[in-house]
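Undergrad: Sharing a model prediction with you, sequence too.
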Amino acid sequence: MRVLLLTEYFPDSPNAEITGGVESRAFNIASRMAKKHDVTVLTSWREGLSRKSKFGKLKVLREGPHHGYSNYAGFISRIEFAIAAIKKGSKLRADIVDGYNWTTYLPAYFIGRAIKKPIVATYHETWTGEWIKNKGIVTGLPYEIYERILLRLNYDLVMPVSEFTRKRLAERGIDESKMTVVNNGVDIKKLDSVKGKGAGVCYVGRLVKTKNVDVLIKAMSLVNKKYPDVRCRIIGQGPEMNRLKMMARDFGANVDFMGFMEKYEDVMKTVKSSSILCHPGTVEGFGMILLEAMALDIPYVCSDIEVFREITDNGNGGFLFKQIDHKDLAKKIIMLIKDKKLYSKKKAELKKTVRRYDWDPIVEKVEKAYLSLINEKKK
């Protein structure tokens, strides 16, 4: 089977410099599937990177002008990448084409039509009707229009990464018979080997408004009144950085801003050397870092939102706190710090909960879905 996978961003090397959940899924599925199949990843190019490279048997092609990692801007370079991807992909041989995010759904669709092969859209989340609220009118309006167009395309298969995303897509008109849910995963064996022991709280993610890191800082100011030595390490960068730094200072919260860590291993070691992982985000399609914390044997406290309830089995291995409620977040952090028996109980729940998210069986599900679609199209 020849698979063409389109993703806006992809790690720079086999060391997997992961920038987000989409990239993690793309890397793990592509690299594992390449052991049995002919897999090509079509992604954007950044200055300093080779246009063509191989990660073992996996082929990586980088197209378009320089396109830096961006959460808010980069609209023009995204369009330029999409056009370049269509031109390149239409000349490649593939049995199936899979787009991994909003930037690549349209190129994947046009490529699939051009080479007359099945088209898949792997959907992490949908923001139709919410783009302006989440991103502001300048950034949000063009994406709102764009996603409405994307949802009208006739994909052969839509692959939501969660039941939560599947429901939202169905509400927005996607035919349920064309959807197959395949969760994101985690390399349990690899993370089980990560060493580290420590204390404190950790957050990993972009510093943008929808992640609600300000709620965590407020909560830490309350935690520090009871436990002055407990520190919170924040890994990530984004437009909220300066405001959050000022807020931590004004609230007297013990917060260390670690910035962006290039190596995935360094991120995981930092999480492992913490005792609690916090995720206060409320606009999420999945929540990869929660799975990674579970695999690292680190209890969590995360927002009580539908998708987090789904992937944690309603709080197994940690706690769900009331959305945007820094007092409830602080209360549950303190519970895990104070009650050693409770902490041990939550740790015991982690492995059982995360076991079903191992990448290998997940890749098998994706492979099965691809082959089924290819065979169906041959009839």
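TA: Arrived safely.

Undergrad: pLDDT value on Tyr72, please?
TA: Tyr72 carries a pLDDT score of 51 in this model.

Undergrad: Ok, Ala94 next?
TA: Note for Ala94: predicted pLDDT of 97.

Undergrad: Check the burial of it by counting its neighbours.
TA: With neighbours defined by other Cβ atoms under 10 Å, the count for Ala94 comes to 21. C-beta here means a position set from N, CA and C on the backbone, and glycine is covered the same way.

Undergrad: Can you tell me the closest non-neighbouring residue to it?
TA: Nearest in space to Ala94, with sequence neighbours left out and distances taken as Cβ to Cβ, 6 or more residues apart in numbering, is Leu4 at 3.8 Å.

Undergrad: repeat for Leu58
TA: Leaving out its chain neighbours, the residue that sits closest to Leu58 by Cβ to Cβ, 6+ apart is Ala34, at 4.0 Å.

Undergrad: quick one: Met258 and Ala293, what's the gap?
TA: Going from Met258 to Ala293 by Cβ to Cβ, to the nearest Å gives 16 Å.

Undergrad: more neighbours, those two?
TA: Taking neighbours as other Cβ under 10 Å, Met258 and Ala293 compare with Ala293 leading, 30 against 17.

Undergrad: What strand or helix carries the more buried one?
TA: Assessed by DSSP states H and E, Ala293 sits inside helix 288-295.

Undergrad: If you count neighbours, what's buried in the next helix or strand after that helix?
TA: Next along the chain after helix 288-295, taking DSSP H and E as the criterion, comes strand 300-303. For strand 300-303, a neighbour-count test (16 or more other Cβ atoms under 10 Å) marks 300-303 as buried.

Undergrad: For the residue nearest to Leu58, report the pLDDT, please.
TA: pLDDT, Ala34: 97.

Undergrad: Counting neighbours, what do you get for it?
TA: Neighbour count for Ala34, taken as other Cβ under 10 Å: 20.

Undergrad: which other helices and strands contact the helix holding Ala293?
TA: When contacts are defined as 3 or more Cβ pairs under 8 Å, 6 or more residues apart in numbering; DSSP states H and E, helix 288-295 packs onto helix 188-192, helix 264-272, strand 276-279, strand 300-303, helix 306-311, helix 340-354.

Undergrad: Show me what the fourth one is packed against.
TA: Applying 3+ Cβ pairs under 8 Å, 6+ apart, one finds that strand 300-303 makes contact with strand 276-279, helix 288-295, strand 318-321, helix 326-338.

Undergrad: Let's have these in TSV, adding distance to Val22 and mean pLDDT.
TA: Output for the helices and strands packed on strand 300-303, formatted as TSV (distance: least, Cβ to Cβ, whole Å; pLDDT from 0 to 100):
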stretch	distance to Val22	mean pLDDT
strand 276-279	17	97
helix 288-295	9	94
strand 318-321	24	98
helix 326-338	27	97
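
Undergrad: Below-threshold pLDDT in this protein: ranges please.
TA: Scanning the chain for pLDDT under 70 picks out the ranges 17-19, 70-73, 379.

Undergrad: Contacts only, for the closest residue to Pro299 other than its chain neighbours.
TA: Using Cβ to Cβ, 6+ apart and skipping residues adjacent in sequence, the residue nearest Pro299 is Lys346, 4.2 Å away. Each residue near Lys346 by Cβ atoms under 8 Å, 6 or more residues apart in numbering is listed here: 299, 317-319, 336.
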